[in-house]
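Student: Can you look at this prediction? I've put the sequence above it.
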Amino acid sequence: MDMKPTDSELEILHVLWANGPSTVRQVHEKLSQSRDIGYTTALKLMQIMHEKGFLSREEDARSHTYAALVSEEDTQRGLVDRFVETAFRGSASKLIMQVLGHHKASRQELDEIKRLLNDLDRDS
């Protein structure tokens, strides 16, 4: 996927990743819990996402059910890759230093990071 979802599209994808295939009404109800969004806005966004290839749409007599065509992992990887390239000139270490320098990581998070680094070290 070359195109990256917008922030609003990403919110919709999060709902679909968490809840599976859903109608516009179901997605709208979830989004409305955290922000003010009109039903027609959610509908229009999901129609655009279908046209872009982010969502599939199953049509029956009463409603349309949408499902994510892009995986959460692939989408996150693409967004992180772009972010590292644009904000940190491709330097993953600058990103990590920035995050750890301004965010109090818990002992558990630091242990998980160490484990990931050890796994990467073993694989290379």
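Tutor: That came through, no problem. Residues are numbered from 1 along each chain as shown.
Student: Check which residues of stretch 54-71 are buried.
Tutor: By neighbour count with 16 or more other Cβ atoms under 10 Å, stretch 54-71 contains the buried residues 54-55, 57, 65-66, 68-70. In short, each C-beta sits where N, CA and C put it, glycine included.
Student: Of those residues, which is the nearest to Ala18?
Tutor: Lowest distance from Ala18 to these (Cβ to Cβ) belongs to Ala68, with 10.1 Å.
Student: Does the worst-scoring helix or strand of the chain on mean pLDDT pack against any helices or strands, and if so which?
Tutor: Every helix and strand of the chain was ranked by mean pLDDT, DSSP states H and E. The lowest is helix 92-102, at a mean of 83. For helix 92-102, the packing partners by 3 or more Cβ pairs under 8 Å, 6 or more residues apart in numbering; DSSP states H and E come out as helix 72-88.
Student: Would you mind giving the domain segments of this structure?
Tutor: 1-90, 91-124 (automatic domain parsing).
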